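Trainee: Provided below are the primary sequence and the corresponding predicted coordinates.
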Amino acid sequence: MSSIYQRLISLLLIVFPGTAISEDWYRWRGPHLDGISTETRLNCDWKNDQAKLAWKAQVGTGFSSVVVKDKRAFTLGHVDDQDVVYCLDVDDGNQQWKFGYPAELGDRDFEGGPTSTPTIDDDRVYVLARAGELFCFDAASGKVNWRKQVADEASVRLPGWGFSAAPLVVGEMLLLNMGESGVAIDKRTGELIWSSADRECGYATPVVVGEGASAVAIFASGKAYTGVEAKSGKQLWSERWLTSFNCNAADPIVHDGKMFLSSGYNRGAALFDMTGETPSLIWKSKEMKNQIHGCLLYKEHLYGIDGDMESGARLRCMEWSTGEVVWSVDDLHPGGLAIAGGRLILLTEPGELVVAPASPQGWTPTSRATVTGRKSWTAPVISGGRIFCRSIDGLVVCVDCRE
Amino acid sequence: MRRRTFIAGTAAATALVSAPKIRAASKDKKYRTALIGSGWWGMNILREALAAGQTSVVALCDVDQDRLEIAAEEVNDLSGDSPRTYADYRELFEKEDVEIAIIATPDHWHALNTLAAIEAGAHVFIEKPTGHTIGESQAILAASRASDRIIQVGLHRRIGPHHVSGMKFLKDGGAGDVGMVRMFVHSRGGIENPSKNSDPPENLDWEMYCGPAPLRPYCRQIHPGGFRHYLDFANGTLGDWGVHWLDQMLWWCDQQSPKTVYSTGGRPVRGEAILTESEQTSDAPDSQIATYEFENFTATWEHRRFAGQGPEQTSIGCYFFGDKGTFHIGWRDGWTFYPADSKQQIIHQDSQLQEPDGHNMQLLWADFLHSIETGKQPTANIEIGHQATTASLLGMLSLKLGRSVRWDGEKEQVIGDDEANRLLKREYRAPWTYPAIG
Ligand SMILES: NC(=O)c1ccc[n+]([C@@H]2O[C@H](COP(=O)([O-])OP(=O)(O)OC[C@H]3O[C@@H](n4cnc5c(N)ncnc54)[C@H](O)[C@@H]3O)[C@@H](O)[C@H]2O)c1
């Protein structure tokens, strides 16, 4: 039933590319895997800087973002020595189910808590725990279909801050960023399909280019971005990408035969031509250093958060083809970014939503409203005319922007 | 996620940013330059050196192969130079003909690195502190006196515009007669949970990292950058930030030596230091107070790595208290004079810093080159660096001893305290030997 519905949606998308009235944001960076919502009917004309807050919920400490499907919203948070998976009703925020598993807060250098985002596929929800356990839940009931300690099974080490990539469904497989260049799991059974060497992985979610037998999956490790044959895990190429603390956290962006990479800690960004056997450099720049958030690519421009989050990062617009900074705003304290209907939707670190046209012309906000009002570093999520915002200490706020 | 920013800066809006292109060389002479310690600050210095246009980077040294690779790539991007890379600075000085050496390793390496550089005939830009123990700094001072090489210490606050104008304001009597100085650095923080020890990453030569210091178990908190909170390698906040602010105070009082130093502090919030086979915490104090008694005034140092700024207007810098009012010299917040007479106007001057990281290395590097060209003493010469370092290390020494120390600034000896005098040096781990002084 729901897969027919899904096919219908994708049909609709083919007919009217780039616009939708309502779409499920069922996975990390959204249905189109680009952080951009195609929903156009979002009413963000907030009067007196006040948005319509439909509901609030508490989910515990963490950085996990929200995913939505079939009127259910899922996220993770740390509460009392457990990381907890929450299923909330999108209409009222009421908890439909929750499931906790023992976990350390793991607050080295940051507030701690889960950092990965759940992934919904059909009637199942997948959650990758920081310590490497993978859960498959029944989305409606919260029943655990199966759980696997994948890190042990694949004999790969934990990276410094634990696993944080969202699982990515590719056909019958789940791709996980673990080990040197990923791990693949049978999404039905949890069986290990292939794995990679025991090297420190990065924190970015895998990105797949192409389809079927020739699909290539790109994994960020602590030291490189590596392209592998999705079906076998065989390494095809590897672009060495050293970053302090092995912290490669931004998903690569592949577009138009090119690949954009960026990391923080003064690493910077680069664009590669991907039409040959191995990536070849087009440009490099220190002006876009994505520490934890990947950029959004919209109309040949990258919108992203440059610099160290803790010391005050900048919101920037950069031209895709040249790497030139088009504009930069230094005093915004960006916490997370999305795009919907041609507008940048910025959740600031102090928990305010600010809306502005996504345009190389400059940053010209049209409306703003306090939403979480607390330190927020997770990108806002748009689904069904609602914006879901989450603070680090676990306040989820649903902003109703339906007309 | 963390790190280097232990004090959140106030971000000022700046105009359009364009990618920094290689700035034009102004002079023909290019100095063959080597960087020892290619981490965060070392690369900040090297970027300034390259931007000044008189540097060709011949060699980079680090015990972390990844750092070396990243640094070499960046140097190549910035200048086209293809520096050779070394894991051992001794080999570097043996094989390369170095005219300028930049030393930006963790503190416990500064002396051995610098002495080797002077020995090799290089001018040296050395990061503060000039030693991990006072004897090391004395050894550098003696070696520099015996040579004609220029030694600049990375005390960029000696030359930063708001520091220079602030110091003029003070010395011109702007605050009246100053009778008390308070230096402070406060930040946020809480309890520190121990981190698990692990094998060092394959790219890191941990044995060489520890070098003359004890070979403690590796944990990823230490490297990069974290060493400053481990007393084996550094001296905590007083040995790091403290050197800058003590230097401002010594600049104001014309390089007097403290007569008596007393310090107390500990880890009441972070918790007791832990070091076991399986896990460890850092061990530097999370809060500390040190008093420095001079001939006719007293200065205090205070740091806290919790509670943040609190009700104060600022969380970093020095207050000079005079009969006309209170003068604050700060970092990003420039300087401000608060008149004692509240009817009078507050006087303020903004900082003029380079970003990222808010420093004035461009000026300090230019000053260094000028000294090399003219033979004149640089602005932050080794005497200055040595004194500021000594003052900070005397505070640490008193803290460790738990009693005050009387200091003979002429002889550079603690008066009547053999135990304290022994702490002017440390045991080196074999095969390294503690440098001879002079
Ligand atoms: N003047 C200033 O404002 C300022 C600011 C920051 C740091 N510093 C100073 O710079 C120094 C470095 O600090 P950082 O924050 O850059 O630390 P960092 O950890 O980023 O860099 C230090 C580097 O030295 C390397 N190293 C260790 N032992 C070595 C050896 N034997 N030979 C070669 N390399 C070795 C490490 O691997 C590391 O890459 C410190 O002494 C610090 O006090 C000064």
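Mentor: Yep, that arrived. Numbering: from 1, shown residues only, chains lettered A, B, ... in the order given.
Trainee: Near the ligand, which residues of the stretch 1-150 of chain B are found?
Mentor: B:36-42, B:61-64, B:67, B:89, B:104-107, B:109, B:127-128 (CB under 6 Å from any ligand atom). Placement of C-beta: from N, CA and C, glycine included.
Trainee: measure stretch A:337-350 end to end?
Mentor: By CA to CA, to the nearest Å, the extent of stretch A:337-350 from end to end equals 14 Å.
Trainee: what pLDDT does the residue in the stretch 1-150 of chain A that chain B sits nearest to get?
Mentor: Residue nearest to chain B within the stretch 1-150 of chain A: A:Asp109 (3.4 Å; CB to the nearest CB). Reading off the confidence values, A:Asp109 has pLDDT 82.
Trainee: On the three-state scheme, it is what?
Mentor: Recorded secondary structure, A:Asp109: coil (DSSP: H, G, I helix; E, B strand; the rest coil).
Trainee: Point out where the chain drops to low pLDDT.
Mentor: By default, I'm working from chain A. A:1-18 (pLDDT under 70).
Trainee: Not quite, go with chain B.
Mentor: Low-confidence segments of chain B, defined by pLDDT under 70: B:1-27.
Trainee: now, which of the residues of the stretch 1-150 of chain B next to the ligand lie within strands?
Mentor: Counting by DSSP state E, these place B:Ile36, B:Cys61 in strands.
Trainee: Go back to the residues of the stretch 1-150 of chain B next to the ligand and keep what's next to chain A.
Mentor: Taking CB under 8 Å from any CB of the partner chain as the test, chain A is in contact with B:Trp40 out of these.
Trainee: Give me the nearest residue to A:Thr52, chain neighbours excluded.
Mentor: Just to correct that, residue A:52 is Lys rather than Thr. A:Asp400 (4.5 Å; CB to CB, 6 or more residues apart in numbering or on different chains).
Trainee: Please see if stretch A:289-304 touches chain B.
Mentor: Yes. Counting by CB under 8 Å from any CB, contacts between stretch A:289-304 and chain B involve A:Gln291, A:Ile292.
Trainee: What are the buried residues along that stretch?
Mentor: By neighbour count, with 16 or more other CB atoms under 10 Å in any protein chain shown as the criterion, the buried positions of stretch A:289-304 are A:289-298, A:301-304.
Trainee: Now do the helices in chain B.
Mentor: In chain B, the helices defined using DSSP state H lie at B:40-51, B:65-79, B:89-95, B:110-119, B:134-145, B:161-171, B:206-210, B:236-252, B:361-374, B:382-401, B:418-422.
Trainee: ok, the residue in chain B positioned nearest to the ligand - how many residues close by?
Mentor: Closest to the ligand within chain B is B:Gly39: 2.0 Å, counting by CB to the nearest ligand atom. By the measure other CB atoms under 10 Å in any protein chain shown, the count of residues near B:Gly39 is 22.
Trainee: List the contacts of it.
Mentor: B:Asp62, B:Asp64, B:Arg67, B:Ala104, B:Pro224, B:Gly225 (CB atoms under 8 Å, 6 or more residues apart in numbering or on different chains).
Trainee: Repeat that for B:Gly160.
Mentor: B:Gly160 neighbours (CB under 8 Å, 6+ apart): B:Ser351, B:Gln352, B:Leu353, B:His359, B:Asn360, B:Leu363.
Trainee: From chain A, how far off is the residue lying closest to the second one once chain neighbours are set aside?
Mentor: This points to B:Gln352. Once flanking residues are discounted, B:Gln352 sits nearest to B:Pro161: 4.5 Å by CB to CB, 6+ apart. According to CB to the nearest CB, to the nearest Å, B:Pro161 stands 21 Å off from chain A.
Trainee: Up against the ligand, what does the stretch 201-350 of chain B have?
Mentor: B:Met208, B:Tyr209, B:Gly211, B:His223, B:Pro224, B:Gly225, B:Asp240.
Trainee: isn't the last one right up against B:Tyr230?
Mentor: No. Taking contacts as CB atoms under 8 Å, B:Asp240 lies outside contact range of B:Tyr230: 11.6 Å.
Trainee: which residues in the stretch 301-438 of chain B form strands?
Mentor: Assigned by DSSP state E, counting those that start in this stretch, the stretch 301-438 of chain B shows strands spanning B:316-322, B:325-329, B:335-339, B:347-349, B:405-408, B:413-414.
Trainee: would you list those in JSON lines and tack on distance to B:Glu136 and mean neighbour count?
Mentor: Formatted as JSON lines, those follow (distance: least, CB to CB, whole Å; neighbours: other CB atoms under 10 Å in any protein chain shown):
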{"stretch": "strand B:316-322", "distance to B:Glu136": "26", "mean neighbour count": "23"}
{"stretch": "strand B:325-329", "distance to B:Glu136": "28", "mean neighbour count": "23"}
{"stretch": "strand B:335-339", "distance to B:Glu136": "33", "mean neighbour count": "20"}
{"stretch": "strand B:347-349", "distance to B:Glu136": "36", "mean neighbour count": "14"}
{"stretch": "strand B:405-408", "distance to B:Glu136": "17", "mean neighbour count": "19"}
{"stretch": "strand B:413-414", "distance to B:Glu136": "16", "mean neighbour count": "19"}
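Trainee: I'd like the ones you listed laid out as CSV, including distance to A:Ala369.
Mentor: Shown next, in CSV, are these (distance: least, CB to CB, whole Å):
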stretch, distance to A:Ala369
strand B:316-322, 34
strand B:325-329, 37
strand B:335-339, 35
strand B:347-349, 34
strand B:405-408, 58
strand B:413-414, 62
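Trainee: looking at these, which is closest to A:Ala151?
Mentor: Relative to A:Ala151, the nearest member of the strands of the stretch 301-438 of chain B by CB to CB is strand B:316-322, separated by 42.0 Å.
Trainee: What angle do strand B:325-329 and that closest one make with each other?
Mentor: Orientation check (axes from the mean of the first three to the mean of the last three CA atoms, to 10 degrees): strand B:316-322 against strand B:325-329 gives 160 degrees.
Trainee: and the residue nearest to B:Met361 when sequence neighbours are not counted, what is it in contact with?
Mentor: Spatial nearest neighbour of B:Met361, chain neighbours left out: B:Glu48 (4.4 Å); criterion: CB to CB, 6+ apart. By CB under 8 Å, 6+ apart, the contact list for B:Glu48 reads B:Gln354, B:Met361, B:Gln362, B:Leu364, B:Trp365.
Trainee: same thing but 10 Å
Mentor: Going by CB atoms under 10 Å, 6 or more residues apart in numbering or on different chains, B:Glu48 touches B:55, B:102, B:125, B:156, B:354, B:359-366, B:368.
Trainee: By neighbour count, which of the residues you listed wins?
Mentor: B:Ile102 (34 neighbours).
Trainee: Would you confirm that it contacts B:Phe125?
Mentor: Yes. Checked against CB atoms under 10 Å, the pair B:Ile102 and B:Phe125 is within contact range at 4.7 Å.
Trainee: shared neighbours of those two, which are they?
Mentor: Applying CB under 10 Å, 6+ apart, one finds that B:Ile102 and B:Phe125 are jointly contacted by B:Thr33, B:Leu35, B:Gly42, B:Ile45, B:Leu46, B:Glu48, B:Ala49, B:Ala117, B:Gln152, B:Gly154, B:Trp365, B:Phe368.
Trainee: hmm, which two among those are most spread apart?
Mentor: Greatest spacing in the shared contacts of B:Ile102 and B:Phe125, by CB to CB: B:Glu48 and B:Ala117 (18.4 Å).
Trainee: Excluding chain neighbours, give the residue nearest to residue 97 in space.
Mentor: You didn't say which chain, so I picked chain A. Nearest non-adjacent residue to A:Trp97, counting by CB to CB, 6+ apart: A:Gly142, 3.2 Å away.
Trainee: nope, chain B please
Mentor: B:Arg32 (6.1 Å).
Trainee: Now for A:Phe137: which residues touch it?
Mentor: Contacts of A:Phe137 by CB under 10 Å, 6+ apart are A:74, A:85, A:87, A:97, A:99, A:118, A:120, A:123-127, A:143-147.
Trainee: Much appreciated, bye for now.
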